[in-house]
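**Q** Here is a sequence with its predicted model. Questions after.
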Amino acid sequence: MKDKILQLNKLYSSALSLADEILKLLFSYHIENALSFNNQIPSRIDGELIYRNYPIPVITCRLHGYKTQIGFDLATATNYLGFIKFTLAKNEILKFNFAKLNHFEFSVYSTDNHQFFDSMDTKERKNNIKNSKSREFRIKIDFSSPSQIEEIIRKMSVKRRGFFYAARYTCACGSYITVNSQKGRCPVCGKESSFKRIYRSCKCPVCKTNCIKDQYGNGECNKCGWKFDVLGEKMKNDVLFPNLISLNKAKQLYKEGKPFKPNLNEFMEMLYVYREVVFSYKNKDFCLFLIHDKNKELSKIEFSWGPNDDEVAYFKDKEDFIQNAKIDNEYVRDIWEKVENPCYL
């Protein structure tokens, strides 16, 4: 048993080292992430269960907007280091581009009853999902090398040029976790965080549904999807992060039964508020960045849709972009009603 425990410690050290590599990679893409620990997955050596509650490192982040978990298992199975899981709502998985995962073996299943939707035919898989009663689904990929994780991160994200402040902290026990992890308690030692969210009842300012928000005024309506924001409720005609349109515009669209999609002018307001925005068109992502000169004065708008130098264009300001920006031979302003997922990066 002593030899097996020593071997388990070696496996654990390798898993932590690999997790650190992936954290650095995510930081290079400026993707917000958090490292926590999951003790629900049993550890094995040569197929034998060694320790049921030995916590494995798990990175939580969002790739292409989908909640993603990257777990580093403690096991000696050949060609297996861990897993990547995407969690998607039904409407999200029906739009998911499975072609991004062509080089990987993956499984698709519902989270409530573990019904599997594995089919070589993407259309057949999506039809089966559409006809199911489940509302939430997972895509699980097993990986055998760090390069596979890097490939998925590259395929499922756009490298950002800005920075963020992650909502996470280091617990007294040394675990590096998110503020909201395990309802404000460290998943390793159970100690409550001093940053724990405290929730209270409220009404959605758009649809008047009973909701909850935290002590900072943050929350989200489960009915209409409006994200609560103290400043946004004061400046009702302005487009402010994290929402895509103004509060008064959201009220009008809700009455008309329309989705909260910004028009092109509002999308450009998003850009000037947040500096980085993105939308999709014909299964391709298009990013806009505000570029400043060395004096921190706005100099131009960068419009990019790929890693190559010829996949970028520049515009002097908002009006220039609206009048002249094109995708192939189409003006962005003319195809705006057809674009999908306009959002902040």
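**A** Cool, the structure landed. Numbering: from 1, shown residues only.
**Q** When you work out contacts or count neighbours from here on, use the C-alpha atoms and nothing else.
**A** Fine.
**Q** Tell me how many other residues crowd residue 219.
**A** When counting by other CA atoms under 10 Å, one arrives at 19 neighbours for residue 219.
**Q** so what's the closest residue in space to it that isn't next to it in sequence bridging to?
**A** Excluding its sequence neighbours, the residue lying closest to residue 219 (CA to CA, 6 or more residues apart in numbering) is residue 213, at 4.4 Å. Judged by DSSP bridges, the bridge partners of residue 213 are residue 200.
**Q** give the contact list for residue 213.
**A** By CA atoms under 8 Å, 6 or more residues apart in numbering, the contact list for residue 213 reads 199-202, 219-220, 228.
**Q** who does the helix or strand containing residue 23 touch, helix- and strand-wise?
**A** Using DSSP states H and E, the element containing residue 23 is helix 2-28. If you count contacts as 3 or more CA pairs under 8 Å, 6 or more residues apart in numbering; DSSP states H and E, helix 2-28 packs onto strand 56-63, strand 66-72, helix 146-155.
**Q** now the last one and helix 2-28, what's the angle there?
**A** For helix 146-155 against helix 2-28, the angle between stretch directions is 30 degrees (axes from the mean of the first three to the mean of the last three CA atoms, to 10 degrees).
**Q** Numbering from 714 from now on, please.
**A** Fine by me, first position is 714 from now on; the one you just mentioned is helix 859-868.
**Q** Buried residues, helix 859-868. List them.
**A** 862, 865-866 (16 or more other CA atoms under 10 Å).
**Q** residue ranges for the helices of the chain, please.
**A** Ranges of helices within the chain are 715-741, 803-808, 835-844, 859-868, 943-947, 960-969, 977-987, 1031-1037, 1045-1048, based on DSSP state H.
**Q** Those helices: lowest mean pLDDT?
**A** Mean pLDDT is lowest for helix 715-741 among the helices of the chain, at a mean of 79.
**Q** and the angle for it with strand 779-785?
**A** Going by the same axes, to 10 degrees, helix 715-741 makes 150 degrees with strand 779-785.
**Q** Work out the gap between helix 715-741 and the centre of the chain.
**A** For helix 715-741, the separation from the chain centroid amounts to 24 Å (computed by CA atoms, centre = their mean, to the nearest Å).
**Q** could you check the angle strand 769-776 makes with it?
**A** 20 degrees.
**Q** Next, the buried residues of helix 715-741.
**A** Those would be 721, 724-725, 727-729, 731-732, 735-736, 738-740, for helix 715-741 by 16+ other CA under 10 Å.
**Q** State the phi and psi torsions of residue 778.
**A** Dihedral pair for residue 778: phi 90, psi -10, per degrees, to the nearest 10.
**Q** Outline the domain layout of this protein.
**A** 715-877, 910-964, 974-1058 (automatic domain parsing).
**Q** Can you say which of those domains is nearest to residue 903?
**A** domain 715-877 (11.6 Å; CA to CA).
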